[in-house]
Structures are given as structure tokens and as C-alpha cells.
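[1] Sequence isn't available, so here's the structure alone:
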């Protein structure tokens, strides 16, 4: 019997080697199937002593009827010698956090239904469910003394509402009967031999977004907005404190605009947060402030490079605050002193640093790092002297084919503004040869193209296009993040004009470099990039094909149907009824008769950010005008594909459209290389 088991295991292992060999042959070129196989890391957490790093690996599951993502937690030692999968099963696990004593790891999982907090010893064993939150847990944090966990839950339906749903009488009253996010706390003692009660510690007509514990575990500071709407997050948020055993809520920072993301200093004296400074700015300008935990006037710290920081943690001596921020096409970790001095860089190596976490004493840092040619992995370093120690190889089983190289290029726009972007060459590029060029415009408008890996899954699979002989220019026009607040505000009341020039001069730059063919141009973009695509085809016919993804060609109908109207109003500096001509001027739909470019429309049917009807308006208009067009609609899809099968479909649809209208041929994907076919025979 024993010999038979060994034989079967050996046979299965041999078959796996053969299959992996076949796959390796198939992966000598970039396909969308290959890109979808790249796993990603979504978060990291370091144990208090810095010896372990928990990280979350996400991968798509697309077998049979499934089209979803599965996330699991892995545990790697900081010396890299041990790397094991910590959670298992067909239910995702996320948001790992070590207990303050480092002996346990908590995480969120829906394995019992809705997302709940689970706990398990770091050396393994059975996981125990800590919460039974009726509506599931949104986020959570350990108390510093390790005796409590605070978490956020959205208000569940009342008994009356449950009955109404059951009887199909659940009428929705818009902007009424909000469901707010509120704080709850669980108390427990080791070794978890009893059930834990959940105590609600906040209530009222406000919704909590972020929170943090005081060092003595007696209080919780939190940011909150008057309702849970996404639009409100752009215009109003305040900060308050509540005792961790419930009690009176004390207002700490209350003024116009956004005050959010509070972090309590280790010495217990100060609270750091990000703020508009009492002046609402939905376009996007926030700075780092500190305030005494007993109240008083907040103090603004020095400007950060982009004035869009994301707070991470305080230093252990309470003298500075760590944050991450876009700096042009890089994403760095920086620190800012509370004495008013300028920020300093913790990381300076070009690339994208993400998913950052620190140990208790802030001596060590874990993060993911990636470059256009380098997939993301988990790295570890001392904070004092940064050296990138790679701890994982989450995509080691994937053979990476030859890539189209990506370089940073710079140019001057029509008005002399300095602009830059990322240019990806075709795979197997030959110097002196001109190639079809795709202009890929990002969303936002305060988005940004950064030096992320270009081979992984995304709406626009860059290497997939490069494999088929296209060069791709991804500009960061005025309005983009990463170049400072002034640059980000340059496209206010200027949509479709200065930013249009920034993109066109970027295309001219690539043509002047001798890479892009002037008669073989295509354009694509999602969200604001879709808006710009619609504007491009109404202002020029130099592009042979266009693909508008979740675009907004009609700003008048957009501002009254989107879930973030204040963001649009801020960019156009007024309501449409007072500025009708401005909204019309910046809307592509009002010059639709100019369009000659074959234009594809792609949209999610459940999109509230840019309503589905925006795509319908442009598609129907083009069709009635006789302009070549098609519309691809994804069911169940909000503002961008959430299902991996749909995500994998987008680039294929676009490439097929481009090939048809640029090269006048029917595009057919090569499913398998000749070598692989021969082996299968």
C-alpha cells in the first residue's frame, strides 16, 4: 500500500512537470490569459518584534461558473527562511493584524457568511471566530494593551425593514434612512474559551470612516461625516474622540472641509490627521496637521511634495509621521517632522512602494515594490538604512516572456508646460521602425500613471498591446496627481483643452522620436480617460480608432446623475444652471457631429460613478450619425470590472476594434504556440 501511494504521488508530480513545461512553451508571448495569472499582494503587517510579516495574496478564480478573486494570508519570516500559507479554503481572508504580544494573528473572512474577525496562533491551529457582527465587519484595530478590538460595522436593517424586503415593499427613499458606519468594541481574555460580546460605542446621524486607539487603550479617535455618501467624503469630515467603553463623544476638530485619517501619537499627546485646512477643496489638496488630544487649534506641518499624503504611522518617539505619496511617476514613503521642517524620504529608489507596515518600534518596514518590468513582491528593510531585502516570489512559477520596455519621457505642451509620461515600446522593437501608437489616458482627472508592473491584470493590459506590435504612450497631463497641488488644479474649468494639448504634444513627441507612426494612431481611456477620449474624437480626426471606457461625454446630464456631483462642480467652478455654457463647452456630446473616428463604447451597467446612460448617449449619437461604432456592456459591473473574466475581456475587445479599423483585418488571438501544439499531438 505504501509503495502504491509513493508511485501515485510520483506519477502526479511527473504529470505536473509535463503540464508546467507545456505552459512554459505557451507563455513565450504576452496573452491576456498570461497576464491574469499574475498574483498581487494587497496588504502587509509586521509582528511587533519585526520577526514575521503577514501578507495577503490575491489571485483570480475563473474555472467553470466562477469569476471572482480569492485572497489568502501568508506568513514569511523577516530573514526569508520561512514562507508558508497561513489561511486556506475557498473563502477569502484579508486585513491581517498581529496581537500586541505577537502571539496571534487576526484577519477578516466571510467563511461563516459575512465578513467577521477571526483569530489564530501564528504557529497554526484552528481559527476561532471573534465577532458575529450582523452586517459584517468593515475594518478593525487591536487596542495597544491587547485586551480589546474595535471594529466598524454599517447599521443593519431594522426588523420593519427586513419584513418590508421579505414582502417586496422595500421602497427606497433617496437621501433618507441612511445606514451609518459605527464603532463597536469586543473585550476578551485568552485563551478564548468563551463567546465575546460586541458593545456599540457610537451612535447618531454620522458615519465613521477612520479610527485609532489612544496608547493607553482608554479612548478612540475617529473621523466622521454627516452621511455615508461618497460625495460627502469630498466635502465634509470632522474628528472626534469617544471613550473605548462608550460614553460622551467629544468633538476635537470641527470646521469646513475634510479632516480625516486620525493617528494618535505614541506618547499620547497629539493626533495627526490630513486636512483641507478649513477650506473645502474637492479637487484635491490636503496637508498633514497635528492637534493636541485635549483640543485646541490644529497646526499645519510643512507641505508634502504633492500635497496628497496618505498617513501610515507615527515614529516611536512621536517626533515625526510616516506617510506615502505620489512623486511624479514614483510612489515613495516619506516622513515629516512635527517641528515644521520639510519632509524627508524613507525610500528614494525609483518605483512604486506600497502596502507599507512598520513594527512596534518603527525600526523595520515591510512593503511591496514594483517596476514596469518587475512584478510586485514583499520586501523588508531597516528604516534607518533602507536596503530592499526580497522575501517573496509570489509569481515564480510564471515564465515572463520578452517585454516591451517602458521608459519615462518628457515634453513641453502647447503653452510651454512641462509634461511627462511613460512610453512602452512594442515587444521586439527594432530601432528605426515606426509602429502603431496607442494614446492611453488615465482616469481621475487626479489619477496618475506610475511605474507599476506592466504585465499584470488590469483594464488595459499594456504588454498585451505591446506584444501585438503597438507602442503605448501614457501621459500625466495637467490635473494629474504626483506633480503638486498647483499642477492638479491647472485643469479646473479647462477640461478638454489644456489637458488635450498635453496629450497631443505627447503623441507628437513619440512620433518625433521615430517610434510612433503618424498615420497609425489609436486612443483609449477609462473614466476621465474615457471623457478625454470622447473629447479627442470631437476635436481631431488624426486617430484611426478610439475606445471610450466608462466615459462622460455630457457633463450636464453627468452632474445630476453621478454619485460624486461636488467633484465635478468643483472642477467646473459652479452649478450647471449658473454656468450652462461652461458645461456645454466642455462636453463632447455638443460637438458630436465632428466625429469621424470609429469609436467603441465600453461601460458597466451598474455604474453609479459615471452612469451607464453616459455611454448610451454617445453610442446612440454615433450610430445615428453613421460613424462606425459598437457598444460593449458588462452586467453587474460598477465603475470598472470586478469580475476577472470581464477584466480579461476588455483589452481583447479593444485590440479587436483597433485591428479592424487600423489594419482593416479581423483580429484572432493565437491560443497556443506551434511548439505547444506539436507537443500535444
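    Now that the structure is in, tell me what you want to look at. Predicted, not measured: the structure shown is a model, and the values here were computed from it.

[2] Tell me where the stretch 151-300 of the chain has helices.
    For the stretch 151-300 of the chain, the helices defined by DSSP state H, counting those that start in this stretch cover 159-166, 230-233.

[3] What number of residues are in the vicinity of residue 660?
    By the criterion of other C-beta atoms under 10 Å, residue 660 has 17 neighbours. Placement of C-beta: from N, CA and C, glycine included.

[4] Run through the residues that contact it.
    Listed by C-beta atoms under 8 Å, 6 or more residues apart in numbering, the contact set of residue 660 reads 545, 598, 666-667.

[5] wait, which of those is closest to residue 117?
    Comparing those against residue 117 with C-beta to C-beta places residue 667 closest, at 48.0 Å.

[6] Surely that closest one and residue 661 touch.
    No: using C-beta atoms under 8 Å as the test, residue 667 is too far from residue 661 to be in contact (10.6 Å).

[7] Of these two, which one has the most company?
    Taking other C-beta under 10 Å, residue 667 and residue 661 do not tie; residue 661 has more neighbours (19 against 14).

[8] Kindly confirm my reading that that one is in a helix.
    Yes: according to DSSP: H, G, I helix; E, B strand; the rest coil, residue 661 belongs to a helix.

[9] can I assume it is in contact with residue 544?
    Yes: here residue 661 reaches residue 544: they are 5.7 Å apart, a contact under C-beta under 8 Å.

[10] shared neighbours of the two, anything?
    In terms of C-beta under 8 Å, 6+ apart, residue 661 and residue 544 are both contacted by the residues residue 598.

[11] What strand or helix carries residue 500?
    Assigned by DSSP states H and E, residue 500 belongs to helix 498-512.

[12] sorry, back to before: now tabulate the contacts of residue 660 in JSON lines and tack on distance to residue 268.
    Output for those, formatted as JSON lines (distance: C-beta to C-beta, whole Å):
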{"residue": "545", "distance to residue 268": "60"}
{"residue": "598", "distance to residue 268": "63"}
{"residue": "666", "distance to residue 268": "68"}
{"residue": "667", "distance to residue 268": "63"}
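
[13] Kindly indicate which of those residues lies nearest residue 90.
    For the contacts of residue 660, the minimum distance to residue 90 (C-beta to C-beta) is 35.5 Å, reached by residue 667.

[14] Contact partners for the closest one?
    By C-beta under 8 Å, 6+ apart, residue 667 lies in contact with 655-656, 659-660.

[15] separation between it and residue 161?
    Between residue 667 and residue 161 the distance, using C-beta to C-beta, to the nearest Å, works out to 50 Å.

[16] and the spatially closest residue to residue 147 that is not a sequence neighbour, what are its bridge partners?
    Distance criterion C-beta to C-beta, 6 or more residues apart in numbering; nearest residue to residue 147, sequence neighbours excluded, is residue 187 at 6.5 Å. Residue 187 has these beta-bridge partners by DSSP bridges: residue 148.

[17] so residue 187 makes contact with residue 150?
    No: Residue 187 lies out of contact with residue 150 (C-beta under 8 Å); the separation is 10.7 Å.
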